[in-house]
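# let's see this in three dimensions:
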Amino acid sequence: MRQAESPQLVLASASTSRRALLESAGLRFEAVAAAVDEAAIKESCQAEGIPPAEAAIMLADAKAMRVARKRPEALVIGGDQLLVCRDEAGVLRWYDKPVDLAAARRQLLELRGRPHELVTATVAWRDGQRIWQDVTTPRLTMRDFSEDFLDAYLAAEGEVLLASVGAYRLEGLGVHLMARVDGAHSAILGLPLLPLLAFLRQHGVLTG
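Residues are numbered from 1 along each chain as shown. Next up, the predicted model:
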């Protein structure tokens, strides 16, 4: 696998898991955090009844576009992820990253014993326009764990969980929360790596 010198690859994200995925694939890239009011975009999407998949694309697009305006010559990758789950009344709820461990505990209790989806959107921008997008939706089901287990889990993982929309790290102890996982591991972590690599090969960024 060889990577072209141009265009430069830029990841419009501060996510450590997304960076780790690209690094594990041997890609050379620069990570640039995008200052985007995600909460306002989500609130607007929910108020307008926009489906989660479209909302995730809008969030990924906002991040990539913000960085691409400053780096039009680069190929800018933006990503976002929404967690959605139907409550006991059948209402589809959107979840955000928990603000503290107490919020993480409440969220995990709400997800316990039920399936949820991680709507994972990825876009690519170059020369002032979006040239690629992908939405994939892994489905995960949490087991009916005890509250004692949950408290031990939260104590072991600590505040690192606050960086995850699901309040778990599947690459860590979060795997013990699960009864079933359907979907690509990389998409669960924040980037659909195989579709992204295929896109990069199609556009000559990767060869071989």
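# buried stuff in the lengthiest helix in the chain?
Longest helix in the chain by number of residues, with DSSP state H as the criterion: helix 52-70. Neighbour-count burial for helix 52-70 flags 52-53, 55-68 (criterion: 16 or more other C-beta atoms under 10 Å). All C-beta spots, glycine's among them, are computed from the backbone N, C-alpha and C.
# what sits up against that helix?
10, 12-13, 32, 34-36, 38, 41-42, 45-46, 50, 74, 76-82, 84, 92, 94, 117, 119-126, 128, 130, 133, 135, 137 (C-beta atoms under 8 Å, 6 or more residues apart in numbering).
# emit the PyMOL select command for whichever of those are buried.
Command for PyMOL that selects the buried part of these, burial taken from 16+ other C-beta under 10 Å:
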select buried, resi 10+12+13+32+34+36+41+42+45+50+74+76+77+78+79+80+81+82+84+94+117+119+120+121+122+123+124+125+126+130+133+135+137
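# next step: the contacts of helix 52-70 restricted to strands.
Members of the contacts of helix 52-70 lying in strands (criterion: DSSP state E): 10, 76-82, 84, 92, 94, 117, 119-126, 130, 133, 135.
# correct me, but residue 128 touches residue 72?
Yes - between residue 128 and residue 72 a contact is recorded at 5.7 Å, counting by C-beta atoms under 8 Å.
# quick one: the helices in the chain?
Using DSSP H, helices in the chain cover 16-24, 38-47, 52-70, 101-111, 147-157, 185-189, 193-202.
# turn these into a markdown table, including mean pLDDT.
Shown next, in a markdown table, are the helices of the chain (pLDDT from 0 to 100):
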| stretch | mean pLDDT |
| --- | --- |
| helix 16-24 | 94 |
| helix 38-47 | 92 |
| helix 52-70 | 95 |
| helix 101-111 | 97 |
| helix 147-157 | 97 |
| helix 185-189 | 95 |
| helix 193-202 | 96 |
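# looking at the ones you listed, spot the one closest to residue 176.
Closest to residue 176 of the helices of the chain, according to C-beta to C-beta: helix 147-157, at 6.9 Å.
# in the closest one, what counts as buried?
In helix 147-157, counting by 16+ other C-beta under 10 Å, buried: 150, 153-154, 157.
# let's see that helix as CSV, backbone CA atoms only.
C-alpha atoms of helix 147-157 as CSV (Å, rounded to 0.1, in the frame of the first residue of the first chain):
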residue,chain,number,x,y,z
GLU,A,147,-26.1,-2.6,38.9
ASP,A,148,-23.2,-3.9,41.0
PHE,A,149,-21.5,-4.8,37.7
LEU,A,150,-22.3,-1.4,36.3
ASP,A,151,-20.8,0.4,39.3
ALA,A,152,-17.6,-1.7,39.1
TYR,A,153,-17.4,-1.0,35.3
LEU,A,154,-17.8,2.8,35.8
ALA,A,155,-15.1,2.8,38.5
ALA,A,156,-12.7,0.8,36.3
GLU,A,157,-13.2,2.9,33.2
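# and the contacts of that helix?
Residues beyond helix 147-157 that count as contacts (C-beta under 8 Å, 6+ apart) turn out to be 101, 104-105, 108-109, 112, 145, 161, 168-169, 172-174, 176-177.
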